[in-house]
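A.B. asks: sequence and predicted structure, then a few things I'm wondering about:
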Amino acid sequence: MATSRLEMTIPRQSITYLVLCILGILIFIVAGIIPYYRTIVKLGQKINRFSVDVEENKYLVPVYVSLKNKINGKDEMHRTLPSKESIAREQTDRIFMTFSEIARKTGMNVVSIVPNINSLAGNIKFLSVNVIVRGDYFNFRKFLNSAGEVPYLEHIEEIEIQQTPEGREYRMKLWLSVS
């Protein structure tokens, strides 16, 4: 009885070629693919950092320009206050035109200007006026600075800011000097 024995012998030269090919593939992966992958990851992180910086700059550039103009003396917001005067009771209708014109010049929209008639009762020297304007924050700053130039504006008692579907609304209670 002859036993059949299957022997498979792989020639040594084939094993050598197989090991060399596997080593070549490993060297290609270690020397080529892994460094490129690391480079791609680093570039992705740099791109993310730069996009965050760009977003920050969108918000900080107006502040920077404003501060730079202040340093150079070009700040249109820095003005001297006018001498205080009073408005005659008969001329209180000018209040509407005055604040409407200020709003128009500063890019704000007037929602309402409502004087408190009860504050005029008797011999009181001040008139309370509720003003509501709508617009951008920087334009509101311009509005406040321009309103500060009104000679009969005594002071601003309160400011309330509300977000509405149409934009930001700024509600103010102003006190005007009346003679």
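C.D. replies: Everything's here; your move. Residues are numbered from 1 along each chain as shown.
A.B. asks: next SSE after the longest helix seen in the chain?
C.D. replies: For the chain, the longest helix by residue count, based on DSSP state H, is helix 34-72. Next helix or strand after helix 34-72 toward the C-terminus (DSSP states H and E): helix 94-106.
A.B. asks: quick one: mean pLDDT over stretch 107-121.
C.D. replies: For stretch 107-121, the mean per-residue pLDDT is 79.
A.B. asks: do the same with stretch 32-48
C.D. replies: On average, the pLDDT along stretch 32-48 is 90.
A.B. asks: how about that stretch: buried residues?
C.D. replies: Within stretch 32-48, no residue counts as buried by 16 or more other C-beta atoms under 10 Å. C-betas here are computed from N, CA, C, even on glycine.
A.B. asks: so how far is that stretch off the chain centroid?
C.D. replies: 32 Å (C-alpha atoms, centre = their mean, to the nearest Å).
A.B. asks: from the rest of the structure, what touches it?
C.D. replies: The contact list for stretch 32-48 (C-beta atoms under 8 Å, 6 or more residues apart in numbering) is empty.
A.B. asks: dump the C-alpha coordinates for it into PDB.
C.D. replies: Only the C-alpha atoms of stretch 32-48 are listed here, as PDB (Å, rounded to 0.1, in the frame of the first residue of the first chain):
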ATOM      1  CA  GLY A  32       4.400  57.500   1.400                       C
ATOM      2  CA  ILE A  33       0.800  57.200   2.600                       C
ATOM      3  CA  ILE A  34       1.200  57.900   6.300                       C
ATOM      4  CA  PRO A  35       3.100  61.200   6.000                       C
ATOM      5  CA  TYR A  36       0.600  62.500   3.300                       C
ATOM      6  CA  TYR A  37      -2.200  61.600   5.600                       C
ATOM      7  CA  ARG A  38      -0.700  63.500   8.500                       C
ATOM      8  CA  THR A  39      -0.100  66.500   6.200                       C
ATOM      9  CA  ILE A  40      -3.700  66.400   5.100                       C
ATOM     10  CA  VAL A  41      -4.900  66.300   8.700                       C
ATOM     11  CA  LYS A  42      -2.600  69.300   9.600                       C
ATOM     12  CA  LEU A  43      -3.900  71.300   6.600                       C
ATOM     13  CA  GLY A  44      -7.500  70.500   7.600                       C
ATOM     14  CA  GLN A  45      -6.800  71.900  11.100                       C
ATOM     15  CA  LYS A  46      -5.100  75.000   9.600                       C
ATOM     16  CA  ILE A  47      -8.100  75.600   7.400                       C
ATOM     17  CA  ASN A  48     -10.500  75.300  10.300                       C
END
